[in-house]
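[1] model this:
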Amino acid sequence: QVQLVESGGGKVQAGGSLRLSCAASGNPFTAYELAWFRQAPEKEQEFVAFISRNGGSTQYADSVKGRFAVSRDNSKNTVDLQLNGLKPEDTGVYHCAARPSGFPYDSNARGFGYWGQGTQVTVSA
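    The predicted model follows:
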(Lines give C-alpha, C1' and ligand atoms only; values in the text may rest on other atoms or scores of the structure.)
Protein backbone atom coordinates (compact mmCIF):
# COMPACT_ATOMS: atom_id res chain seq x y z
CA GLN A 1 0.00 0.00 0.00
CA VAL A 2 0.96 3.63 -0.38
CA GLN A 3 -0.19 6.67 1.56
CA LEU A 4 -0.47 10.03 -0.19
CA VAL A 5 -0.58 13.53 1.29
CA GLU A 6 -1.04 16.63 -0.87
CA SER A 7 0.02 20.18 -0.09
CA GLY A 8 0.46 23.52 -1.81
CA GLY A 9 -3.08 24.58 -2.60
CA GLY A 10 -4.31 28.11 -2.06
CA LYS A 11 -6.10 31.12 -3.51
CA VAL A 12 -4.74 32.98 -6.51
CA GLN A 13 -5.98 35.40 -9.11
CA ALA A 14 -6.48 34.38 -12.70
CA GLY A 15 -3.17 34.15 -14.50
CA GLY A 16 -1.33 33.19 -11.36
CA SER A 17 0.62 30.06 -10.50
CA LEU A 18 0.68 27.40 -7.81
CA ARG A 19 2.77 24.32 -7.21
CA LEU A 20 1.11 21.31 -5.67
CA SER A 21 3.09 18.53 -4.08
CA CYS A 22 2.16 15.01 -3.07
CA ALA A 23 4.31 13.04 -0.64
CA ALA A 24 4.10 9.27 -0.61
CA SER A 25 4.95 6.73 2.04
CA GLY A 26 4.63 3.00 2.22
CA ASN A 27 5.63 0.58 -0.52
CA PRO A 28 8.46 1.50 -2.92
CA PHE A 29 7.51 4.71 -4.69
CA THR A 30 8.87 3.52 -8.02
CA ALA A 31 6.36 0.67 -8.04
CA TYR A 32 3.55 3.15 -8.74
CA GLU A 33 2.27 5.23 -11.57
CA LEU A 34 0.80 8.53 -10.40
CA ALA A 35 -1.84 10.98 -11.48
CA TRP A 36 -3.60 14.16 -10.46
CA PHE A 37 -7.36 14.57 -10.54
CA ARG A 38 -9.56 17.47 -9.55
CA GLN A 39 -13.16 17.97 -8.53
CA ALA A 40 -15.03 21.23 -8.73
CA PRO A 41 -18.19 21.87 -6.71
CA GLU A 42 -21.18 20.01 -8.16
CA LYS A 43 -19.04 18.53 -10.94
CA GLU A 44 -17.66 15.07 -11.55
CA GLN A 45 -14.06 14.25 -10.81
CA GLU A 46 -11.79 15.13 -13.73
CA PHE A 47 -8.46 13.67 -14.80
CA VAL A 48 -5.70 16.29 -14.92
CA ALA A 49 -2.31 14.66 -15.45
CA PHE A 50 -0.47 11.32 -15.41
CA ILE A 51 3.16 10.37 -14.95
CA SER A 52 4.76 6.96 -15.37
CA ARG A 53 6.84 5.24 -12.73
CA ASN A 54 10.13 6.57 -14.03
CA GLY A 55 8.75 9.92 -15.18
CA GLY A 56 9.46 9.19 -18.80
CA SER A 57 5.84 9.35 -19.91
CA THR A 58 3.28 12.01 -19.11
CA GLN A 59 -0.26 12.77 -20.25
CA TYR A 60 -2.50 15.77 -19.69
CA ALA A 61 -6.14 16.64 -20.01
CA ASP A 62 -6.75 18.91 -23.00
CA SER A 63 -8.00 21.63 -20.66
CA VAL A 64 -4.60 21.98 -18.95
CA LYS A 65 -2.12 21.19 -21.75
CA GLY A 66 0.53 23.84 -22.05
CA ARG A 67 -0.32 25.30 -18.63
CA PHE A 68 0.26 22.48 -16.14
CA ALA A 69 3.33 20.28 -15.73
CA VAL A 70 3.62 17.06 -13.73
CA SER A 71 6.93 15.78 -12.38
CA ARG A 72 8.16 13.28 -9.84
CA ASP A 73 11.26 12.89 -7.72
CA ASN A 74 11.74 9.22 -6.95
CA SER A 75 14.56 10.00 -4.53
CA LYS A 76 12.17 12.07 -2.39
CA ASN A 77 8.97 10.06 -2.99
CA THR A 78 7.14 13.11 -4.26
CA VAL A 79 5.06 14.04 -7.29
CA ASP A 80 4.45 17.68 -8.11
CA LEU A 81 1.98 19.53 -10.29
CA GLN A 82 2.98 22.99 -11.48
CA LEU A 83 -0.07 25.08 -12.32
CA ASN A 84 0.54 28.13 -14.53
CA GLY A 85 -1.85 30.48 -16.25
CA LEU A 86 -4.59 29.57 -13.82
CA LYS A 87 -8.20 30.20 -14.77
CA PRO A 88 -11.32 30.35 -12.59
CA GLU A 89 -12.43 27.05 -14.11
CA ASP A 90 -9.33 25.41 -12.59
CA THR A 91 -10.89 25.86 -9.15
CA GLY A 92 -11.42 22.63 -7.27
CA VAL A 93 -9.98 20.09 -4.88
CA TYR A 94 -6.88 18.47 -6.37
CA HIS A 95 -6.08 14.88 -5.46
CA CYS A 96 -3.03 12.82 -6.25
CA ALA A 97 -3.56 9.15 -6.89
CA ALA A 98 -1.43 6.05 -7.36
CA ARG A 99 -1.77 2.66 -9.04
CA PRO A 100 0.69 -0.22 -9.23
CA SER A 101 2.76 -0.24 -12.40
CA GLY A 102 3.15 -3.24 -14.69
CA PHE A 103 -0.51 -3.93 -15.42
CA PRO A 104 -2.28 -3.57 -18.79
CA TYR A 105 -4.42 -0.56 -17.92
CA ASP A 106 -6.68 0.66 -20.71
CA SER A 107 -6.31 4.30 -19.79
CA ASN A 108 -3.96 6.61 -17.92
CA ALA A 109 -7.01 8.07 -16.20
CA ARG A 110 -8.32 4.86 -14.62
CA GLY A 111 -7.27 2.14 -12.23
CA PHE A 112 -6.11 4.35 -9.39
CA GLY A 113 -6.87 2.80 -6.01
CA TYR A 114 -4.82 4.98 -3.69
CA TRP A 115 -5.82 8.58 -3.08
CA GLY A 116 -4.73 11.53 -1.02
CA GLN A 117 -7.13 13.71 0.93
CA GLY A 118 -6.86 16.58 -1.54
CA THR A 119 -5.81 20.20 -1.51
CA GLN A 120 -8.03 23.15 -2.44
CA VAL A 121 -7.18 25.44 -5.34
CA THR A 122 -9.28 28.56 -5.75
CA VAL A 123 -8.79 30.89 -8.71
CA SER A 124 -10.58 34.22 -8.73
CA ALA A 125 -11.37 36.21 -11.84
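[2] which element is the residue nearest the centre of the chain on?
    Nearest residue to the geometric centre of the chain (C-alpha atoms, centre = their mean): residue 36, 2.1 Å. Assigned by DSSP states H and E, residue 36 falls within strand 32-39.
[3] can you give me the strands in the chain?
    In the chain, the strands defined using DSSP state E lie at 2-7, 10-13, 18-26, 32-39, 46-51, 58-60, 68-73, 78-83, 92-100, 114-115, 119-124.
[4] Which elements pack onto the first one?
    Applying 3 or more C-beta pairs under 8 Å, 6 or more residues apart in numbering; DSSP states H and E, we find strand 2-7 packed against strand 18-26, strand 92-100, strand 114-115. Using the backbone N, CA and C atoms, a C-beta is placed for each residue, glycine as well.
[5] Most tightly packed of those strands?
    Among the helices and strands packed on strand 2-7, ranked by average contacts under mean count of other C-beta atoms under 10 Å, first place goes to strand 92-100 (a mean of 23).
[6] Need the residues that contact that one.
    With C-beta atoms under 8 Å, 6 or more residues apart in numbering as the test, strand 92-100 has contacts from 2, 4, 6, 9, 20, 22, 24, 31-41, 43, 45-46, 48, 79, 81, 105, 111-121.
[7] For the closest residue in space to residue 53 that isn't next to it in sequence, list the residues it contacts.
    Of all residues not flanking residue 53 in the chain, residue 101 sits nearest, at 4.4 Å (C-beta to C-beta, 6 or more residues apart in numbering). Counting by C-beta under 8 Å, 6+ apart, residue 101 makes contact with 31-33, 52-53.
[8] and with 7 Å instead?
    31-33, 53 (C-beta atoms under 7 Å, 6 or more residues apart in numbering).
[9] mind giving me a markdown table with these and columns for neighbour count and pLDDT?
    A markdown table is the format used below for these (neighbours: other C-beta atoms under 10 Å; pLDDT from 0 to 100):
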| residue | neighbour count | pLDDT |
| --- | --- | --- |
| 31 | 14 | 93 |
| 32 | 24 | 96 |
| 33 | 23 | 97 |
| 53 | 20 | 95 |
